[in-house]
Structures are given as C-alpha cells and as structure tokens.
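J.: no sequence for this one, just the structure:
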C-alpha cells in the first residue's frame with residue numbers, strides 16, 4: 001500500500017503506524033493555526049475498555065475555534081456561509097464577523113431562557129444559517145446540541161428528545177419541501193405530547209419567517225423568536241472553556257425496530273479528527289468554496305457543512321432543497337454561480353444527476369471544481385465513469401470514501417489533501433491515517449487475506465470515534481466492541497468488505513444485508529453494481545428473500561435509463577447479465593421495474609424498507625423517506641406479481 005502513495009501521504013501513514021498515540025498528538029499540535037487550546041492537555045489518550053478519552057485536561061471550545069479564532073487571524077470579512085433556498089431562490093451571504101455576532105446573540109438568548117452548560121438543546125430546523133448558528137451558540141456556552149432532521153415524524157422527535165433528556169427545543173413554524181409547507185411546530189407539539197414527563201421540556205423557541213403570528217403557542221413553554229432574542233440583552237455571550245471530554249453534541253442513529261443509539265462527540269477529539277480529515281481527505285483550505293449537499297440533521301451536515309469548513313476558514317454553502325426542484329440543474333447552477341471548488345455528495349445524488357442527463361451539467365460552467373467526494377453508499381463504477389469522464393472530461397478527481405455517524409468523518413478513503421494513490425472506481429480506498437482498520441472473519445475475528453469477504457473492524461480508538469453511547473455504556477460495549485464472537489476488543493463497523501492485493505478496501509453493503517444463497521455470501525451492493533453495469537440501468541437495489549431450496553435468493557428493483565422501456569425480454573436480459581457478471585450462484589427470483597427507489601432525504605437507499613415490502617413485513621419508521629410514492633409503487637409491483645417473492 002505505502003508504495004502507491006506520494007511522499008507526504010507515505011510519511012503520514014508511517015508516523016501513524018509507528019506510534020498511534022504520538023501521531024494524534026502531533027496532529028493536534030500541527031493544527032494549532034486553526035485549533036486553539038486555552039490549556040494544553042495532560043494526557044493524549046486514556047483507554048478504559050471500551051470507553052476512552054482524548055486530550056484529557058485540555059481546554060478548548062469548538063465554536064471559539066470556528067469563529068473568534070478565525071476573526072483574530074483576519075478572516076472577519078470573509079464569507080462563512082452562503083445559504084440558498086431552491087424553492088424560493090433566496091440567497092444569503094454571512095461573513096465570519098456577522099456570524100459571530102449572530103452566534104453571540106443566540107448564545108446569550110439561550111442563557112436567557114435558562115440553558116446552562118451541560119443542558120441538552122434539541123434543534124429541529126431546516127438547513128439554514130439560523131440552524132447552524134444555533135449549533136455554534138450551544139457549543140459556545142457548553143450546552144449540548146442534538147439536531148433532529150427537519151423531516152422526522154413526531155414519534156421520531158419524541159424518541160430523540162426523551163432519550164437525550166433535552167430540556168429546550170429550537171424550531172421553525174414551518175418548513176418547505178418542493179414548495180409544499182411542512183408544519184414543523186405542529187410536529188414538535190405532537191412529539192412533546194407523547195413524552196411521559198410533561199415537565200421535561202422547559203422552553204420551545206419558534207422562528208416564524210412569515211411573521212403571521214397565527215401559531216398555536218403553549219403558555220409558559222413556547223416563546224416567539226423575537227422574544228427569545230430579546231432575552232440576550234441581560235446575559236453574557238462569552239464562551240466557556242470546555243475540557244476536551246465535555247460533550248459537544250449528541251446525534252442519534254436512525255432507529256428501525258429498536259430505539260436509536262445516541263452517539264456522543266466531545267469538544268477535543270471531535271475537532272481534531274474533523275479538522276484533520278478535512279485537510280487530509282478533502283484537502284480543505286481557506287480559499288475553498290465548499291458545497292456539501294447534505295443536511296445538518298445528519299453527521300455529514302455536522303462535520304462538513306458546519307464545523308469542518310469553519311474550522312478550516314473556508315466558505316460553506318448551505319442548500320435547502322433537492323437537486324431537481326424547481327429544475328433538474330439546481331446543483332450545477334449552484335456550482336457555477338458560486339464558483340464552487342469542492343463538492344461533497346452521495347452516490348445516489350450522482351446517480352440522480354446521471355438520470356437527468358449530461359446536458360443539464362453542460363448548461364453550466366463548472367470549471368472551478370477541483371474535486372468531488374462521495375460517501376453514504378458505494379459509488380458504483382458506472383456512475384463514477386459518467387461523472388468523471390462524460391461530465392468533467394477526466395479533469396476532476398472523483399473520490400469515494402466510507403464513514404459512519406459513529407466515526408464523524410472518514411475511516412476509509414483517499415488522501416486527496418496530502419497526495420493520494422490511483423483511484424479504483426468502486427473501491428473506497430485505504431484506511432485513513434491514524435485509523436487501524438482490518439477485514440476479519442465475522443465468526444472468529446481472524447484477519448482475512450486479500451480476496452476473502454469479511455467485516456470491517458477498527459482495532460484502536462481514534463479521536464473521532466464515539467467514546468460511548470449516551471447513558472448506555474452497556475449497549476455500547478455489546479453492540480460495537482463485542483458484537484460478534486471473535487471480534488471482542490475490536491470496534492465492529494458492521495460493513496461487509498474485502499481487501500484486494502494492493503490493500504484497497506471494497507465494500508459489499510451492511511453485513512446484516514448480505515444475501516446467503518446456498519451458503520454463498522453475496523453483498524447487496526455487488527448485485528446492484530452488476531445490474532448498473534448494464535446500459536439500461538441507472539439505479540438498482542437488491543434484497544434477500546426466503547427460498548425453501550437455497551435458504552435465500554435475491555429480488556431486485558431497477559430504475560431504467562430514459563432510453564429503455566420495461567419488458568419481459570429486458571427483465572430476462574438483466575437477470576442473465578447478472579449471472580454472467582457474477583456466476584450462476586446468483587439467483588434472482590423477481591426483478592421489478594420502478595420509477596424510483598425509496599431513499600432517505602440524505603440519499604441512502606432504504607434497503608430494509610425494500611426487504612419489508614418484498615417479504616410483506618412491517619415497514620417501520622418512514623419519516624426520513626424522500627418520496628412516499630416510491631413505497632406505493634413497489635407495493636403495487638409486488639401485488640402485480642401475484643405472489644409473495646421467495647415463496
């Protein structure tokens with residue numbers, strides 16, 4: 001692996017391999033131009049299995065480093081955020097100095113409604129400068145923010161508020177989705193009505209952009225935004241010096257049947273890791289115009305819409321909207337008008353652009369783009385080739401990588417910022433510097449040789465990894481560090497993977513989504529990539545369904561290129577194409593043509609929903625789904641088969 005790397009990246013990996021702890025101390029020290037410590041740490045790492053602490057005794061504050069410290073370095077007049085709204089066309093630019101003043105006002109106002117250091121504040125707001133400022137204001141005074149994606153159902157909001165013990169909520173009166181109003185305040189009201197302890201939430205501050213004043217407000221609890229801001233006058237906006245292991249934010253993972261897992265991130269380790277990966281993997285620099293298409297409700301939005309870009313001193317674009325409304329060239333238009341230099345999106349976002357066609361991209365001058373990074377799912381080779389060659393003429397690196405809510409940034413990727421090896425389309429690259437990852441047997445934890453499929457594990461803590469689950473250390477130990485026999489003492493990432501002869505990591509989907517056909521373990525992504533390799537297919541999703549003879553077989557959903565029409569002949573052609581690509585062991589019992597796949601609003605295919613529809617099971621929480629019509633379409637397609645797939 002090291003032989004493939006340019007000198008700077010090779011030195012970085014060599015230092016990490018020589019001394020894991022010293023490497024991360026050096027990373028923190030080298031970041032001092034952007035990360036200020038009010039007091040240096042006493043110890044770099046304390047690991048009391050399975051939990052751990054980084055930079056103990058050190059005092060810092062992420063909000064201070066995002067704003068005050070940047071202004072001290074002369075960046076006050078530089079744009080911190082550019083906020084765009086797709087449905088209205090509104091565009092707002094806010095400098096670092098202006099953002100600091102807004103954050104100070106919010107911080108004092110939070111103190112004015114009773115928020116103290118350590119209190120949890122739920123933020124249920126659409127993508128906006130106000131939402132980002134609320135996060136930074138919480139961090140400034142040592143309150144713990146818990147952002148809830150502004151699209152979650154009342155039940156999901158209630159779960160998260162109750163699990164985290166949030167005592168304060170910041171929300172908006174209403175949001176908008178494709179020009180349709182979303183009643184955010186009403187959903188908060190319904191959510192809080194579901195919490196058994198009626199006295200838990202002390203205050204709900206409501207931003208009403210319309211100024212209609214017609215909102216239902218609960219006396220003694222709800223407060224309008226202007227009244228909220230008026231509280232700022234009597235309170236201090238100054239920041240708190242936070243010990244490195246005091247909590248910055250909580251972010252629950254999406255729950256399906258069980259309650260969400262509430263991940264924890266602290267001021268010290270999080271900022272070092274988020275900043276380092278921003279530099280090493282994405283190459284973030286002060287003169288970047290950075291466009292992440294994620295939402296602040298997800299970990300990508302936390303790390304690379306808000307904190308990562310501000311810690312680096314660049315400009316971050318906050319886009320509230322979809323890539324195809326009101327036009328299918330929305331993202332390309334944003335890139336051209338703002339002269340975007342770096343873009344972060346999901347593979348499903350790329351495939352959506354692919355479906356709209358290359359002509360939408362060619363309407364715009366995207367010559368300022370220097371790199372595009374993708375995460376969320378595997379970026380299949382066909383989508384990579386389309387974006388890299390057809391759209392961008394081979395000029396711009398397209399970089400896949402992998403991470404999780406629990407890791408806060410990349411754990412496998414390409415080190416664009418310090419020199420990287422050749423990209424292999426379909427591979428997420430190598431474990432990043434400072435993360436000791438391996439592919440092991442799921443049954444006994446043995447490190448596997450190249451070519452053999454296993455699961456990804458991490459053998460040592462690193463600063464971005466959640467050190468525990470909020471108020472549930474037993475579940476943290478059980479679900480992550482002792483998840484499978486033989487993997488005790490290793491962090492279980494839960495992703496099926498293999499490594500090739502040169503050390504590149506290839507992911508095959510979640511380990512619990514692996515399809516077992518007559519004792520052969522096949523990743524859902526492997527089948528999907530085989531389908532998408534056919535010119536007729538833009539997107540595909542696969543799931544295992546029961547089969548009496550083989551245990552399981554595959555069913556697949558396919559979205560066709562606009563040049564092709566569904567037919568029995570094409571269905572059989574695609575099934576045979578997969579058998580040719582992957583061998584006769586791949587049995588596809590049913591292949592359904594659909595117009596869209598069910599996806600979250602962050603762009604991930606909801607495979608558990610697909611499997612539930614195919615096997616006639618309960619669907620679980622659908623509050624994050626992008627288009628509910630996709631569920632109805634699949635349900636109708638299954639009914640038209642005249643049987644339950646797999647039976």
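T.: Nice, thanks for sending it over. Please read these numbers as outputs of a predicted model, since none were measured by experiment.
J.: and the nearest residue to residue 167 once chain neighbours are set aside, how many neighbours does it have?
T.: Spatial nearest neighbour of residue 167, excluding adjacent residues (Cβ to Cβ, 6 or more residues apart in numbering): residue 202 at 5.0 Å. C-beta coordinates here come from the backbone N, C-alpha and C atoms, glycine included. By the criterion of other Cβ atoms under 10 Å, residue 202 has 15 neighbours.
J.: residue 202 against residue 166, yeah?
T.: No. Using Cβ atoms under 8 Å as the test, residue 202 is too far from residue 166 to be in contact (9.8 Å).
J.: what residues does the residue nearest to residue 167 make contact with?
T.: Contacts for residue 202 (Cβ atoms under 8 Å, 6 or more residues apart in numbering) come out as 113, 114, 167, 168, 221.
J.: okay, the fourth one: pLDDT?
T.: Per-residue confidence (pLDDT) for residue 168: 98.
J.: cool, and the last one?
T.: Residue 221 carries a pLDDT value of 97.
J.: and stretch 342-362, end to end?
T.: Terminal residues of stretch 342-362 lie 18 Å apart, using Cα to Cα, to the nearest Å.
J.: sorry, back to before: for the contacts of residue 202, pick the one with the most neighbours.
T.: Tallying neighbours with other Cβ under 10 Å puts residue 168 at the head of these, with 22 neighbours.
J.: not counting its neighbours along the chain, what's nearest it?
T.: Nearest one to residue 168, counting by Cβ to Cβ, 6+ apart, is residue 121 at 4.7 Å.
J.: just the strands in the stretch 401-550 of the chain please.
T.: 412-413, 430-431, 437-440, 454-458, 491-499, 505-510, 515-517, 520-522, 537-547 (DSSP state E, counting those that start in this stretch).
J.: could the ones you listed go into a markdown table alongside mean pLDDT?
T.: Shown next, in a markdown table, are these (pLDDT from 0 to 100):
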| stretch | mean pLDDT |
| --- | --- |
| strand 412-413 | 98 |
| strand 430-431 | 98 |
| strand 437-440 | 97 |
| strand 454-458 | 97 |
| strand 491-499 | 95 |
| strand 505-510 | 92 |
| strand 515-517 | 84 |
| strand 520-522 | 78 |
| strand 537-547 | 92 |
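J.: can you map out the helices along the stretch 1-150 of the chain?
T.: Secondary structure of the stretch 1-150 of the chain (DSSP state H, counting those that start in this stretch): helices at 7-18, 20-30, 62-66, 68-72, 96-112, 129-141.
J.: in TSV: the ones you listed, plus mean pLDDT, distance to residue 571 and mean neighbour count.
T.: Shown next, in TSV, are the helices of the stretch 1-150 of the chain (pLDDT from 0 to 100; distance: least, Cβ to Cβ, whole Å; neighbours: other Cβ atoms under 10 Å):
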stretch	mean pLDDT	distance to residue 571	mean neighbour count
helix 7-18	96	46	16
helix 20-30	98	51	18
helix 62-66	98	52	26
helix 68-72	98	56	18
helix 96-112	98	54	22
helix 129-141	98	45	26
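J.: using JSON lines, please lay out those helices together with distance to residue 345.
T.: Converted to JSON lines, these look like this (distance: least, Cβ to Cβ, whole Å):
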{"stretch": "helix 7-18", "distance to residue 345": "24"}
{"stretch": "helix 20-30", "distance to residue 345": "27"}
{"stretch": "helix 62-66", "distance to residue 345": "23"}
{"stretch": "helix 68-72", "distance to residue 345": "26"}
{"stretch": "helix 96-112", "distance to residue 345": "24"}
{"stretch": "helix 129-141", "distance to residue 345": "19"}
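J.: looking at those, which is nearest to residue 578?
T.: Residue 578 lies closest, by Cβ to Cβ, to one member of the helices of the stretch 1-150 of the chain: helix 7-18, at 36.8 Å.
J.: show me what that closest one is packed against.
T.: Helices and strands touching helix 7-18, by 3 or more Cβ pairs under 8 Å, 6 or more residues apart in numbering; DSSP states H and E, are helix 20-30.
J.: ok, and what's touching the helix it packs on?
T.: The contact list for helix 20-30 (Cβ under 8 Å, 6+ apart) reads 15-16, 35, 41, 44-45, 54-55, 272, 276, 433-434, 436, 460, 462-463.
J.: roughly how far out does it sit from the chain middle?
T.: 25 Å (Cα atoms, centre = their mean, to the nearest Å).
J.: can you check stretch 342-358 too?
T.: Its chain's C-alpha centre and that of stretch 342-358 lie 16 Å apart, by Cα atoms, centre = their mean.
J.: do the same with stretch 545-558
T.: On Cα atoms, centre = their mean, the centre of stretch 545-558 falls 30 Å from that of its chain.
J.: how about stretch 463-482?
T.: Relative to its parent chain, stretch 463-482 has a centroid offset of 19 Å by Cα atoms, centre = their mean.
J.: now the end-to-end length of that stretch.
T.: Span of stretch 463-482 from end to end, Cα to Cα: 20 Å.
J.: and that stretch, what's buried?
T.: Judged by neighbour count (16 or more other Cβ atoms under 10 Å), stretch 463-482 contains these buried residues: 463-470, 475-477, 479-481.
J.: circling back to that earlier point, in JSON lines, list the contacts of residue 202 along with distance to residue 520.
T.: Shown next, in JSON lines, are those (distance: Cβ to Cβ, whole Å):
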{"residue": "113", "distance to residue 520": "58"}
{"residue": "114", "distance to residue 520": "59"}
{"residue": "167", "distance to residue 520": "52"}
{"residue": "168", "distance to residue 520": "52"}
{"residue": "221", "distance to residue 520": "57"}
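J.: and the residue nearest to residue 167, how far is that from residue 10?
T.: Counting by Cβ to Cβ, to the nearest Å, the gap from residue 202 to residue 10 is 54 Å.
J.: coming back round to it: who wins for proximity to residue 130 among the strands of the stretch 401-550 of the chain?
T.: strand 412-413 (31.5 Å).
J.: which helices and strands does the closest one pack with?
T.: With contacts taken as 3+ Cβ pairs under 8 Å, 6+ apart, strand 412-413 sits against strand 430-431.
J.: so how far is the strand it packs on off the chain centroid?
T.: 19 Å.
J.: mean confidence score for stretch 301-316?
T.: 98.
J.: now do the end-to-end distance for that stretch.
T.: Termini of stretch 301-316 sit 11 Å apart (Cα to Cα).
J.: list the buried residues in the lowest-mean-pLDDT helix or strand in the chain.
T.: Least confident helix or strand, the chain: strand 520-522 with a mean of 78, by mean pLDDT, DSSP states H and E. Counting neighbours by 16+ other Cβ under 10 Å, one finds that the buried residues in strand 520-522 are 520, 522.
J.: what strands flank that strand, and is each parallel or antiparallel?
T.: strand 515-517 (antiparallel) (DSSP bridges).
J.: what sits up against the partner strand?
T.: Contacts for strand 515-517 (Cβ under 8 Å, 6+ apart): 521-524, 527, 542-544, 547, 550-554, 585-587.
J.: by neighbour count, sort out the buried ones in those residues.
T.: Buried members of the contacts of strand 515-517, counted by 16+ other Cβ under 10 Å: 522-524, 527, 542-544, 547, 550, 552-554, 586-587.
J.: just name the closest of those residues to residue 498, please.
T.: residue 523 (9.0 Å).
J.: wait, what's in contact with the closest one?
T.: The contact partners of residue 523, taken as Cβ under 8 Å, 6+ apart, are 453, 496, 507, 508, 509, 513, 514, 515.
J.: hang on, the second one packs against residue 505?
T.: No. Using Cβ under 8 Å, residue 496 is not in contact with residue 505; the gap is 11.0 Å.
J.: report the residue ranges of every domain in this protein.
T.: Following automatic domain parsing, the chain resolves into domains at 40-265, 514-641.
J.: can you list those domains in a markdown table and add distance to residue 352?
T.: Putting those into a markdown table (distance: least, Cβ to Cβ, whole Å) gives the following:
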| stretch | distance to residue 352 |
| --- | --- |
| domain 40-265 | 14 |
| domain 514-641 | 8 |
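J.: in what helix or strand does residue 331 lie?
T.: helix 330-338 (DSSP states H and E).
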